[in-house]
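K.L.:
My questions concern the predicted model and sequence given below.
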There are 2 protein chains.
Amino acid sequence: MLNLTSLSEQILLPGTKGLALSAPLKQADIAQQNWNVLDGDTSFPVAVLKRSALRFNLVWMKQFCASHNILLAPHGKTTMSPQIFDMQLANGAWGMTLATVNQLHIAYRYGVKRVLLANQLISASDIRSALSLLKNDPEFIFYALVDSLENVQALSNAVQQAGLDRPLPLLVELGFSGGRTGCRSNADALTLARAIHASPHLELAGIEGYEGLLVTKKREEDLVKVRQFVSDLIELTKSVDAENLFGGESILLSAGGSAYFDLVAHGFKQVQSWSRPLISILRSGCYITHDHGFYHGLIDEMQEREATSVGSKLVPALEVWSMVQSRPEPDLAILTMGKRDASYDIDLPFPLYTHKIGQAHSPQTLPTDCKIEKMNDQHAYLRLPKDSPLCTSLQVGDLVACGISHPCTTFDKWPLLLIVNDNYQVASAINTFF
Amino acid sequence: MLNLTSLSEQILLPGTKGLALSAPLKQADIAQQNWNVLDGDTSFPVAVLKRSALRFNLVWMKQFCASHNILLAPHGKTTMSPQIFDMQLANGAWGMTLATVNQLHIAYRYGVKRVLLANQLISASDIRSALSLLKNDPEFIFYALVDSLENVQALSNAVQQAGLDRPLPLLVELGFSGGRTGCRSNADALTLARAIHASPHLELAGIEGYEGLLVTKKREEDLVKVRQFVSDLIELTKSVDAENLFGGESILLSAGGSAYFDLVAHGFKQVQSWSRPLISILRSGCYITHDHGFYHGLIDEMQEREATSVGSKLVPALEVWSMVQSRPEPDLAILTMGKRDASYDIDLPFPLYTHKIGQAHSPQTLPTDCKIEKMNDQHAYLRLPKDSPLCTSLQVGDLVACGISHPCTTFDKWPLLLIVNDNYQVASAINTFF
């Protein structure tokens, strides 16, 4: 259990995005406000997470990992929310994955004890502040990635200067040509592994790669490349183990973003027995909320590949509700939602439902040819199908719910999101730290 | 002067983005840390504002407004920073422009007393919380926009229910076909003006429009449309005044984003004398930091139009500094900066300088054919010109400074930005509230 009391006890001030406060309110008291999004009790826009969907996705992923005998260090950069981290750890996550030293500090502040820092630790000032956590708390551990000899040397020196009484555990990152970070060949990676092994201040804890960048419009080719890359990771691990370079009690082997983690799980099952126990770790971050766009499509494909082991589907949990602010033209509604409120990096938001405040029936599903065609900083342009009944029925003050594509870039726009039940009754809030 | 003490006295915790803290630090004590970005003392990425550029731009805009006899209510949504608001008000701004009720609350919290809320106030809960500010503080005033009769009626009822002892001042918004919010004809706008005049709870304070959306690749046509729109605004104001519908001591006439405010200023000079004094208000938000992309181009064009009245140019103040994290391929450097750190909605960031920590000389200007070709959430892909000396000289740990395009979508990624002098010595910090 993480230490979340400071969050539930904090005082939210008027101006908190998503809330329509006229006076300060203790965060824990949100539960007693009897707010309902459909009654217009929040501010608009407001970002909501459906509690049932979060719970479903947590169990789904737990079962997926159990059935594939693999562990999960969910990527915390997606949500950067201590309350979500707590749900993930309570559902069996091995630890959290994070991307930056500042994210590491935030996770540590709320009690996370094991982090896979899935990035190179480069800046001397960042390295110092990260090592200070290891030095001051023997229960805390993080693993960082390396892909260059300069970095191995810098880290070795930094650990020595910090006077750390344990070696810094590192994973050698394997990449691929045209990719992002990571060694471009197993030979280069092996050279790094030897250099880490040679330093008394470092420990070679395992091997890491990230296959999630291999998303193009040619999926069949992508899948071949992903499988090859997973196979390369295993080959590299084998070579490193053959030279007896690993330094921990186990060998960590990690890959797996939110698109192809099934292929990683299958690939990692193929490993032979090695000098010490293998800990295989997936790092998907987006499964927790899923989405209505990019990952929706990718996970649908995964479910076709995985028909036997994955029954039901991940459920989108994240919606942004806004209000019709203007109806300036028959087929155009301007919404109180913009680039500050919803992802726009892969797709623009997807209009899902509309609701008239004060009407008892459930939100009405919008036809799929309703489109958000543009967003400004604080406005969205909802284009209605010409001659649709909506052109007359959708009015100023009506609510519109949108799904999003790529949860990471919606979470980072909301310091606070509301947890709602299936009737959009507000149960609680979560905080994010970006 | 705004009330900024609570910000300078606040304790910053490890994990604060842009800072490499190992222990809590009072914000005001940043000045004594002797940090320099070029020495690697911050975390990377870090967003910095050049103090000299901010000062220059403040004076530039003050002179522009004085020479055109127009007032400024800078759009606060750009920065949402109380410290920046304070600079703008201290440099003669009439008030702040804001986009949402939550932004209104934040400005009010720090002492802003006059706001042009350049948006429709639609949600009943948001209206209640906005009116509570007017009710509790007779010194506070905001003006909101209307573009529908439903909204006029809803606001009239809300003011009555709130028991407000003064009418709510409103501006009728004129739009244009294919635009965003706003009445599509002067006739519709006049109807609204009459409805506002007829309500004892509302006051018709003026007329508003926003010409800044008229940016296409055909600039000559854009300019014709902008001039016509400004002319339409004046015509509408004349018609409304002829019916004696304005209710305040003055008539507010406002337009002017960050692209064409010269055309607005020129157009507003053409007005005839009316029944009461005219207050013309520009609302540019981006001038304060300017940028290296979208507004750089638009302001260059303005300076060609305005050669006589605008001498020197606005200066870009906002840079994001990151570090080379990986050099996986000869012409590729991966930077510690991504979609969470820099604008990507209009252009990707522009690489400006590189600097080797520990070397005394100034940052080196990067050739213009160095490009950020992609960003992930936490990484940028810097492509180097093939066969450039940079392919060998740019190393892991080197700093890279980027300019951005569209400051609004960089500010909203940084709760804290650092103010630096021309040598990148850190002088202080500002806070943002998104």
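P.N.:
All right, it came through fine.
K.L.:
For the stretch 251-400 of chain A, which residues are neighbours of chain B?
P.N.:
With CB under 8 Å from any CB of the partner chain as the criterion, the stretch 251-400 of chain A meets chain B at residues A:323-329, A:334, A:336, A:339-340, A:344-345, A:357, A:376-379, A:381, A:395-397. From N, CA and C alone the C-beta is placed, and that goes for glycine too.
K.L.:
Now with 6 Å, please.
P.N.:
Contacts of the stretch 251-400 of chain A with chain B, taken as CB under 6 Å from any CB of the partner chain, map to A:323, A:325-326, A:328, A:334, A:339-340, A:345, A:377-379, A:396-397.
K.L.:
So how do I select the buried members of these in PyMOL?
P.N.:
Command for PyMOL, covering only those of those found buried under the criterion 16 or more other CB atoms under 10 Å in any protein chain shown:
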select buried, chain A and resi 323+325+326+328+334+339+340+345+377+378+379+396+397
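K.L.:
Just send the residues of the stretch 251-400 of chain A next to chain B back as CSV, with secondary structure too.
P.N.:
Output for these, formatted as CSV (DSSP: H, G, I helix; E, B strand; the rest coil):
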residue, secondary structure
A:Met323, strand
A:Gln325, strand
A:Ser326, strand
A:Pro328, strand
A:Ile334, strand
A:Lys339, coil
A:Arg340, coil
A:Asp345, coil
A:Asp377, coil
A:Gln378, coil
A:His379, coil
A:Val396, coil
A:Gly397, coil
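K.L.:
Touching the longest helix seen in chain A from outside, list them.
P.N.:
Identified as the longest helix of chain A according to DSSP state H is helix A:219-242. Applying CB atoms under 6 Å, 6 or more residues apart in numbering or on different chains, the contact partners of helix A:219-242 are A:174, A:176, A:186, A:189-190, A:193, A:207, A:209, A:211, A:214, A:216, A:253, A:260, A:263-264, A:267, A:271, A:274-275.
K.L.:
Buried members of those into PyMOL, please.
P.N.:
The PyMOL selection below is limited to those of those classed as buried (16+ other CB under 10 Å):
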select buried, chain A and resi 174+176+186+189+190+193+207+209+211+214+253+260+263+264+267+271+274
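K.L.:
In strands, which of the contacts of helix A:219-242 fall?
P.N.:
Among these, DSSP state E puts A:174, A:207, A:209, A:253 in strands.
K.L.:
how much space between the closest residue to the second one other than its chain neighbours and chain B?
P.N.:
Taking CB to CB, 6 or more residues apart in numbering or on different chains as the measure, A:Ile207 lies nearest to A:Thr237, with 4.7 Å between them; neighbours along the chain are not counted. When distance is defined by CB to the nearest CB, to the nearest Å, A:Thr237 is 20 Å away from chain B.
K.L.:
list the contacts for the closest residue to A:Leu174 other than its chain neighbours?
P.N.:
Distances taken as CB to CB, 6+ apart put A:Gly209 closest to A:Leu174, at 4.5 Å, once the chain neighbours are dropped. Neighbouring residues of A:Gly209 by CB under 6 Å, 6+ apart: A:174, A:233, A:255.
K.L.:
where does chain A have low pLDDT?
P.N.:
Counting by pLDDT under 70, the ranges of chain A that qualify are A:307-311.
K.L.:
same thing but 90
P.N.:
Within chain A, the stretches with pLDDT under 90 are A:270-273, A:303-313, A:358-362.
K.L.:
residue boundaries of the helices in it?
P.N.:
Under DSSP H, chain A gives helices at A:5-8, A:51-68, A:82-90, A:101-109, A:124-136, A:149-162, A:186-198, A:219-242, A:261-268, A:294-305, A:390-393, A:408-411.
K.L.:
Tell me which of those helices sits nearest to A:Lys26.
P.N.:
helix A:5-8 (7.8 Å; CB to CB).
K.L.:
So what touches the closest one?
P.N.:
By CB under 6 Å, 6+ apart, helix A:5-8 touches A:27-28, A:431.
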